[in-house]
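Quick check, what structure comes out for this input:
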Amino acid sequence: MFRRGWDGMAILFLVLTATVVSELMFSTLVRSLPPDIGLSCSYGTAAYPAAAVIVYIFFSRGTMAEKLFTALFLLSAVLFTISGMFAGLYSSGTAAVGVLVGMVTSVMVYTVVVSLVKYYLGRCR
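Just a heads-up that it's a prediction; the model follows:
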């Protein structure tokens, strides 16, 4: 990200925004559902997949180093989710819902931010 200069800072902003929004949405979802459903606390369940999707969007078509970075980041997201289930932090249902919420949220954040940037850059010209 540092080699990309200001573009890298924008990608980092998108990653952080997606993680925060996904965790807020997931924790709101968990609190709004009845406790007998079996969803536990999030513990980053939605944040890591959200960051992984944003990283995939920007780095999957780059140089070999960027492709390797993307693959390692996606692998770490999968391992993070599996290790949380083995450690007993959350159930498999919580992991599945968290991953789904994280992926959907990151795509939404990416779409909204890119749309806003295109709109305001179009107005400035």
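
How many neighbouring residues does residue 55 have?
Residue 55 has 23 neighbouring residues, counting by other Cβ atoms under 10 Å. (C-beta placed from N, C-alpha, C; glycine too.)

How about it: what's its closest non-neighbour residue?
Of all residues not flanking residue 55 in the chain, residue 73 sits nearest, at 4.8 Å (Cβ to Cβ, 6 or more residues apart in numbering).

Residues contacting the helix or strand containing the one you found, please?
Using DSSP states H and E, residue 73 sits within helix 64-87. By Cβ atoms under 8 Å, 6 or more residues apart in numbering, the residues outside helix 64-87 that reach it are 43-45, 48-49, 51-52, 55-56, 59-60, 90-92, 95, 98-99.

Strands - which of these land there?
Secondary structure assignment (DSSP state E) places none of those within strands.

So for this structure, the centremost residue is which one?
Nearest to the geometric centre of the chain sits residue 50, at 0.9 Å (Cα atoms, centre = their mean).

wait, doesn't that one sit right on residue 99?
No. Look at residue 50 against residue 99 with Cβ atoms under 8 Å: they stay out of range, at 9.2 Å.

which regions of this structure lie under the pLDDT threshold?
Counting by pLDDT under 70, the chain has low-confidence residues at 1-6, 30-44, 46, 124-125.
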